[in-house]
Each structure stands twice: as C-alpha cells, then as structure tokens.
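Student: predicted model, plus sequence, below.
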Amino acid sequence: MRQILLKSGMCALLMLCMCVPAQAVSTRTYDKVGTGVAIALPIIASGISLAHDDDWTGIAELGVSSAAALGTVMLLKQVVHERRPDGSDYKSFPSSTAVVAYSSADYLWRRYGWKYGVPAYAVAALVGFTRVQAKQHHWYDVLASSAIAFGFNYAIVTHYQNRRLYSVYAASDGDSIGLNFAMTW
C-alpha cells in the first residue's frame, strides 16, 4: 500500500508541475519549481526505500552516491568557469540542482528497477528542463550532471533483493496442525 502511495505522490508531483501553462511561467518560477522538485526527489526516494522492508542499505547507498555526485559537481564548478545563460556568474557547468534530481532517479532505477526509475527520470528531466528555462544552465550542463549521477550510481548502488530467505508459519485445517518451513535459493 505504501508503495502505491509513494508512486502516486511522485506522479501527482509531475502532473502538478506540468499543468502550469508555459506562457504564464517566469524564469523565476521555473527556478523555484525546479529547485523544489529537486529537493523533493531524494526525500521521495528515501520514502520508497523505507517502503521496501525498511531498506536502510539502499538509503545509505543513495546518500553516498548523491554526496559523491554533488561533491564532484561542486569541484567542477570551481575548475570550469562556464558563464550562466542569464550572465549572473560563471558557475553554470555542471548543474548541482540537476545532479541532485538525477542522482535520485538513477538510484531508484538501479535499486528497484524501471517501474520506479521511469517516473523518477520523468521528474528529473522536468528539473533539467526548468534549469534551462530559468536560464541558469545550458542543456549540456544538465546532460553532464546526469552523466555524473549515472556514473556514481552505477558504481555504488546495488540491486534490491528481498532479504527474507526463509519463512516459517503455522497452519491448521481443523483436524491437524502443521508447521511449514519454506526457503528460497
């Protein structure tokens, strides 16, 4: 039940962001929406991990891969002096906001598969779109952030496996009582 609620919440967030007419949106609004969604995505990813049998290992992998990707982006911003499209500064390449979103999307895909990854990638793509529309980044800044997030998630995140290797339960049919033991290999 929790998984359905979390998936529904992520889809609702995406639909809400897409319902705003493009003509009515200023660059500042794009910036706020993109930043807000990028912050929400790792929180949602953590919630999905908790819904998967309290998957604390997954949450740790999400934290490590996201921190490594964000650290790499922050280091690159100090080395590469790419001017933002709005001309405000020289910290355009790569996008730290996009790397936060793509780290969560890559994590969900790698850890739990495409059923979680596709909606998360759609939301991360929305974040990338808002960063470009807000004139904070070029398209290649967002693409580089996505590649950095993918690389760290590929190296760090493992596929989720249900850790329940065996189960024991009692059964009764009215005439007899039995104890069942099942083990998966």
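Tutor: Received, thanks.

Student: how much space separates the residue nearest to the spatial centre of the chain from Val37?
Tutor: By CA atoms, centre = their mean, the chain has its centre lying nearest to Ser104, at 2.0 Å. According to CB to CB, to the nearest Å, Ser104 and Val37 sit 10 Å apart. Backbone N, C-alpha and C define where each C-beta goes, glycine included.

Student: cool, Asp31 as well?
Tutor: With distances taken as CB to CB, Asp31 is found 11 Å from Val37.

Student: what about the helices in the chain?
Tutor: Using DSSP state H, the helices of the chain run over residues 2-18, 27-51, 56-79, 96-112, 114-133, 139-156.

Student: could you export the ones you listed as CSV, including mean pLDDT and distance to Ala170?
Tutor: CSV is the format used below for the helices of the chain (pLDDT from 0 to 100; distance: least, CB to CB, whole Å):
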stretch, mean pLDDT, distance to Ala170
helix 2-18, 52, 27
helix 27-51, 87, 28
helix 56-79, 94, 30
helix 96-112, 94, 32
helix 114-133, 92, 34
helix 139-156, 95, 41
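
Student: out of those helices, which is the most enclosed?
Tutor: helix 96-112 (a mean of 27; mean count of other CB atoms under 10 Å).

Student: report the angle between that one and helix 139-156.
Tutor: 40 degrees (axes from the mean of the first three to the mean of the last three CA atoms, to 10 degrees).

Student: tell me how far helix 96-112 lies from the chain's centre.
Tutor: 4 Å (CA atoms, centre = their mean, to the nearest Å).

Student: only alpha carbons, please: show it as PDB.
Tutor: Provided in PDB are the C-alpha atoms of helix 96-112 (Å, rounded to 0.1, in the frame of the first residue of the first chain):
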ATOM      1  CA  SER A  96      24.100  21.000  -9.000                       C
ATOM      2  CA  THR A  97      20.300  21.100  -8.900                       C
ATOM      3  CA  ALA A  98      20.100  18.600 -11.800                       C
ATOM      4  CA  VAL A  99      22.600  16.300 -10.200                       C
ATOM      5  CA  VAL A 100      20.500  16.000  -7.000                       C
ATOM      6  CA  ALA A 101      17.400  15.100  -9.100                       C
ATOM      7  CA  TYR A 102      19.300  12.700 -11.400                       C
ATOM      8  CA  SER A 103      21.100  11.000  -8.500                       C
ATOM      9  CA  SER A 104      17.700  10.100  -7.000                       C
ATOM     10  CA  ALA A 105      16.300   9.000 -10.400                       C
ATOM     11  CA  ASP A 106      19.300   6.800 -11.200                       C
ATOM     12  CA  TYR A 107      19.200   5.400  -7.700                       C
ATOM     13  CA  LEU A 108      15.600   4.400  -8.000                       C
ATOM     14  CA  TRP A 109      16.200   2.800 -11.400                       C
ATOM     15  CA  ARG A 110      19.300   0.900 -10.300                       C
ATOM     16  CA  ARG A 111      18.000  -0.200  -7.000                       C
ATOM     17  CA  TYR A 112      14.300  -1.100  -7.700                       C
END
